[in-house]
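Trainee: Sequence and predicted structure are below.
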Amino acid sequence: MKKLVFLCFCWPILATAQTSFSGSEIGVEIFAGASNLGGSIGGDLKYAAILNEQWAVGPSFRYQRTWSNNFGQKMGFSVYGGGVYAHYRIQNSLFLGGEFEMLRSPFNFILLNYTTRTWAPTLFLGGGFSRDFNGKIRVNGGIFYDVINAENSPFRSSYSIRLKNEQGQVVRILPVIYRITFFFPLGGSKA
C-alpha cells in the first residue's frame, strides 16, 4: 500500500519532469505556540530539487517538541519523521502541491500515551500563492487538506475548520491546515 501511494504520488512528476536540473533550494517552515499550560515548537526542513521553472520536488524532515504543565503535572514529547513533496509553480504567483510524511507520534486523540509511539501517515494536497523575491527568497503560503487524516496525526489539533450542528456543537472537524514555507536558493541568488 505504501509503495502504491508513493508511486501514484511520484509518477506524474517523474513522467513530466525534464532531465535538466535547474538548481536547488532549502525550505523552512517554522511554528510555535505556548500558554501557561504548555506549548509546542518545531518546524519542517525541505530540500527542493528544481527540475524546471514549474516543478520543485524533494525530501522533507519534520521535528516538533511539545510540553505541558497541566495541573502541575509536567510532561513532554517529540514528534518527528520524514517524507517527500512536490510543488507545481504557476507563473511566479500560484502553486499546487502534495506533501506525504510519516511521523512518529504518541497521539491517538482517545488516549495520549507518551511511551508508545506509532507512525502516522499524512498526505496533504492543496495550493496557494508562491512568490519569488529577486531570486533571494521564495514564499509559499497555502491551504492543504489531509487526505489520510490518520487517528494519530499530530496535526489534528491544528485543524481549524469546524462544522457545527443546529445546537452549536462541533460535529466534524475538516483536516485542513495552513502553511507558510520560505525557500532559499542554494549557491547564491538566481538573478
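Mentor: Great, that's in hand.
Trainee: buried sites along the longest strand belonging to the chain?
Mentor: In the chain, taking DSSP state E as the definition, the longest strand is strand 73-90. Within strand 73-90, the residues scored as buried using 16 or more other CB atoms under 10 Å are 77, 79, 81-89. Any C-beta I mention is one placed from the backbone N, CA and C, and that applies to glycine too.
Trainee: what does stretch 145-160 give?
Mentor: Within stretch 145-160, the residues that count as buried by 16+ other CB under 10 Å are 146, 149-150, 152-156, 159.
Trainee: tell me the two of those that are most distant?
Mentor: Greatest spatial distance in the buried residues of stretch 145-160: Asn152 and Tyr159, 14.0 Å, computed using CB to CB.
Trainee: which residue is nearest the middle of the chain?
Mentor: The residue lying closest to the centre of the chain (CA atoms, centre = their mean) is Glu99, at 6.2 Å.
Trainee: That residue: which element?
Mentor: Element membership of Glu99 [criterion: DSSP states H and E] is strand 94-105.
Trainee: got the buried residues for the helix or strand just after that strand?
Mentor: Tracing the chain past strand 94-105, the next element assigned as helix or strand by DSSP H and E is strand 118-133. By 16+ other CB under 10 Å, the buried positions in strand 118-133 come out as 120-124, 126-128, 130, 132.
Trainee: Show the subsequent helix or strand relative to the lowest-mean-pLDDT helix or strand in the chain.
Mentor: Least confident helix or strand, the chain: helix 2-16 with a mean of 45, by mean pLDDT, DSSP states H and E. Downstream of helix 2-16, the next assigned helix or strand under DSSP H and E is strand 23-35.
Trainee: Report the distance from that following strand to the chain centre.
Mentor: In terms of CA atoms, centre = their mean, to the nearest Å, the centre of strand 23-35 is set 10 Å apart from its chain centre.
Trainee: which residues are contacting that strand?
Mentor: 39-50, 56, 58, 60, 138, 140, 179-187, 190 (CB atoms under 8 Å, 6 or more residues apart in numbering).
Trainee: Report the strands that pair with the helix or strand following it, each with its relative direction.
Mentor: Next along the chain after strand 23-35, taking DSSP H and E as the criterion, comes strand 38-50. Strand pairing for strand 38-50, using DSSP bridges, gives strand 23-35 (antiparallel), strand 55-70 (antiparallel).
Trainee: thinking again about what came up before, kindly calculate the angle that the longest strand of the chain makes with strand 23-35.
Mentor: 150 degrees (axes from the mean of the first three to the mean of the last three CA atoms, to 10 degrees).
Trainee: Kindly export strand 73-90 (C-alpha atoms) in PDB.
Mentor: The C-alpha trace of strand 73-90 is given here as PDB (Å, rounded to 0.1, in the frame of the first residue of the first chain):
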ATOM      1  CA  GLN A  73       1.900  17.500  36.100                       C
ATOM      2  CA  LYS A  74       4.900  18.200  33.700                       C
ATOM      3  CA  MET A  75       5.400  16.100  30.600                       C
ATOM      4  CA  GLY A  76       6.900  16.500  27.200                       C
ATOM      5  CA  PHE A  77       7.300  14.500  24.000                       C
ATOM      6  CA  SER A  78       8.600  14.800  20.400                       C
ATOM      7  CA  VAL A  79       7.100  14.200  17.100                       C
ATOM      8  CA  TYR A  80       9.500  13.600  14.200                       C
ATOM      9  CA  GLY A  81       9.600  12.000  10.700                       C
ATOM     10  CA  GLY A  82      10.300  12.500   7.100                       C
ATOM     11  CA  GLY A  83       8.600  12.500   3.700                       C
ATOM     12  CA  VAL A  84       8.500  13.700   0.100                       C
ATOM     13  CA  TYR A  85       6.800  16.500  -1.600                       C
ATOM     14  CA  ALA A  86       6.100  18.100  -5.000                       C
ATOM     15  CA  HIS A  87       5.100  21.600  -5.800                       C
ATOM     16  CA  TYR A  88       4.000  22.800  -9.200                       C
ATOM     17  CA  ARG A  89       4.700  26.500  -9.500                       C
ATOM     18  CA  ILE A  90       2.500  28.600 -11.800                       C
END
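Trainee: Right, I'll leave it there.
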